[in-house]
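Next input, structure requested:
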Amino acid sequence: MSTPSSVELPQDPDALRSLVLDLKGQLERKQSTVDEYAERIAQLEEWVRLLRSQRFGRSSEKLSIDQLGLFNEAEQTVDADEAALETSEADDTIEVPGHRRAKPGRRPLPAWMERVEIVHDLPEDQKVCSEHGDPLVELGRDVSEQLEIIPAQVRVIRHVRPKYVCSKCRDHVKTAPAPPALIPKSLASPALLAYVAVSKYADGLPLYRQEAMLQRGGVDLSRATLAHWMVRFGEAVQPLTERMRRDLVAYDVVQCDETTFPVLKEPGKAPTSQAYLWVQRGGARDQPLILYAYDPSRSKEVPQRLLAGFQGFLQTDGYEGYTEIGARPGIVHVGCFAHARRKFVEALAGGKGVKQAQQAAKRSSKVVRARQALVYIQDLYAIERLVADATPEERHRVRQEKSRLVLEKLRVWLDGALGSVPDQSLTGKALSYLDRQWVKLVRYTEDGRIPIDTNAVENAIRPFVVGRKNWLFADTARGAQASANLYSLIQTARANGLEPFAYLRHVAAELPRSDKPEDLEALLPHRVAPEILRGDDPR
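Numbering: from 1, shown residues only. Predicted structure coming up:
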């Protein structure tokens, strides 16, 4: 209803009152719409700032302690006991023990490397004393070392098998058996298979680039041939990855994560649809295991299948696909504080910068809330840095004494912060995530072997993500699973201190003649001694 200025207002008081109420209602509804639009605009502006930060800003989630201290205002914003909310009490101060930093210097070159000596001697006519004319006697030697790299060399290994026959009857011909090969009747030696696999799966070098590099060395091998070799290699090592999975689920701490894995020829799916690479990390501290598995689905059935028979602590992010297996008897589902922290960091990236916040007469409540949460989380990580090299028993003791106190304060603060900012804002979503995941997040304090976050398994995904940026996709599901198997061997070998090329060369040479269970066990990357690999003959 509108009332132009030219329209005469009613004289009846009741009619006038009704008109005023009607206009008031219209204004309230319009103001509500304006408020909704304003909130929506604010949310979109947050996302724009976040996307700009992700694209152009630094990727590290580390924050300055001084900057966080500027926003340590928990005691001002939560209606609770001030002492319970203090985040920097004297008796809770975490001090890093003093240490002396060693003077940086050049590291010695490994003793096992081949040494080629070049002697720079004086001419014979200078080996005479200029004063007495007597011959000079060698006093000692000054030795300096340089590291030399020989570009990849390609050579042909000829397997020659003499044939023998009786000189009289010319019968009963004998010859030594052909050495077993991973890919029979193939040009690929164990060293070549290892070289191509490590170049692709450890260094992210796609096969078409390797094809060009080999051509520069005088070898014409198509990428189709290289791809065929990798599929055969990946399928051949399947017995090893199966044994690794058996050892993985036998240990009672496992981390899981997943990432997209585009596969063009997945039966029943469009080429543009997404498939997934699932990663699990576990095993003892001195024998870590990293396993990759391809699956076209991201459904809850996948982790249930991959972790069949597992009992213990399962640590994941907040993806709901892990909820069902995490609720099974015998499994304790643990959350990841890095994901909780990341959401508050994103809220800061979407909010005003530090300078703008300092200059503003009234700080944004969303920015303040995000920084308050990060103060507490930073305290938790400071404790973890103190016990990084401690035994699990000592780490558990320190967490019970220190971490639980910080968590109690964080919980009190969170209860007061919920609902204080719009639920759909980045800070509101971060608060909601922290609240929903709380029970799982605090469980890392129950056992000293459990990390505070899933960064270890996320780091295991990074080599795959780097490679995916280069080769973009897999052609078939068969190739995707073969790639997952090779990733499993390479990354587990690296985690156990093995040089991946030497390890894969050893596997490619020994696997064809390993027909007993104990032979396969000896080839597992968490059980091979580095000195065995250095003594391998690539032929």
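
Now for the closest residue to residue 523 other than its chain neighbours: which residues touch it?
Nearest residue to residue 523, sequence neighbours excluded (CB to CB, 6 or more residues apart in numbering): residue 507, at 5.6 Å. Any C-beta I mention is one placed from the backbone N, CA and C, and that applies to glycine too. Residues in contact with residue 507, defined by CB atoms under 8 Å, 6 or more residues apart in numbering, are 190, 194, 237, 240, 489, 523.

three-state assignment of residue 507?
Look at residue 507: counting by DSSP: H, G, I helix; E, B strand; the rest coil, its state is helix.

that older thread, got a winner among the contacts of residue 507 for most neighbours?
With neighbours taken as other CB atoms under 10 Å, the top of those is residue 489, carrying 28 neighbours.

quick check, distance from stretch 13-33 to the centre of its chain.
Offset of stretch 13-33 from its chain centre (CA atoms, centre = their mean, to the nearest Å): 59 Å.

again, but for stretch 408-427
29 Å.

can you give me the end-to-end distance of that stretch?
Using CA to CA, to the nearest Å, one end of stretch 408-427 lies 21 Å from the other.

If you count neighbours, what's buried in that stretch?
Of the residues in stretch 408-427, 409-410, 412-414, 417, 421-422, 425-427 count as buried by neighbour count, 16 or more other CB atoms under 10 Å.

gap between the most centrally placed residue in the chain and residue 257?
Nearest to the mean C-alpha position of the chain, counting by CA atoms, centre = their mean, stands residue 459 at 1.6 Å. Using CB to CB, to the nearest Å, we find residue 459 at a distance of 10 Å from residue 257.

Can you pull out the low-pLDDT segments for the stretch 351-500 of the chain?
351-364 (pLDDT under 70).

any chance you could map the helices in it?
Taking DSSP state H, counting those that start in this stretch, the helices of the stretch 351-500 of the chain run over residues 354-359, 365-386, 392-398, 404-417, 426-436, 438-441, 455-471, 477-495, 500-510.

Ok, which of these comes nearest residue 153?
Ranking those by proximity to residue 153 (CB to CB) places helix 500-510 first, at 13.9 Å.

Give the next helix or strand downstream of the closest one.
helix 517-522 (DSSP states H and E).

Please save the CA atoms from that next one in PDB.
The C-alpha trace of helix 517-522 is given here as PDB (Å, rounded to 0.1, in the frame of the first residue of the first chain):
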ATOM      1  CA  PRO A 517      56.000 -66.000   0.900                       C
ATOM      2  CA  GLU A 518      59.200 -65.300   2.800                       C
ATOM      3  CA  ASP A 519      60.700 -64.000  -0.500                       C
ATOM      4  CA  LEU A 520      57.900 -61.500  -0.900                       C
ATOM      5  CA  GLU A 521      58.100 -60.400   2.700                       C
ATOM      6  CA  ALA A 522      61.800 -59.600   2.200                       C
END
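
Mind giving me the packing neighbours of it?
Helix 517-522 makes packing contacts with helix 238-250 when contacts are defined by 3 or more CB pairs under 8 Å, 6 or more residues apart in numbering; DSSP states H and E.

Please name every helix or strand in contact with the helix it packs on.
Here helix 238-250 touches strand 276-284, strand 287-295, helix 477-495, helix 517-522, going by 3+ CB pairs under 8 Å, 6+ apart.

Turn the helices of the stretch 351-500 of the chain into TSV, columns for distance to residue 25.
Output for the helices of the stretch 351-500 of the chain, formatted as TSV (distance: least, CB to CB, whole Å):
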stretch	distance to residue 25
helix 354-359	38
helix 365-386	30
helix 392-398	61
helix 404-417	34
helix 426-436	29
helix 438-441	42
helix 455-471	53
helix 477-495	61
helix 500-510	72
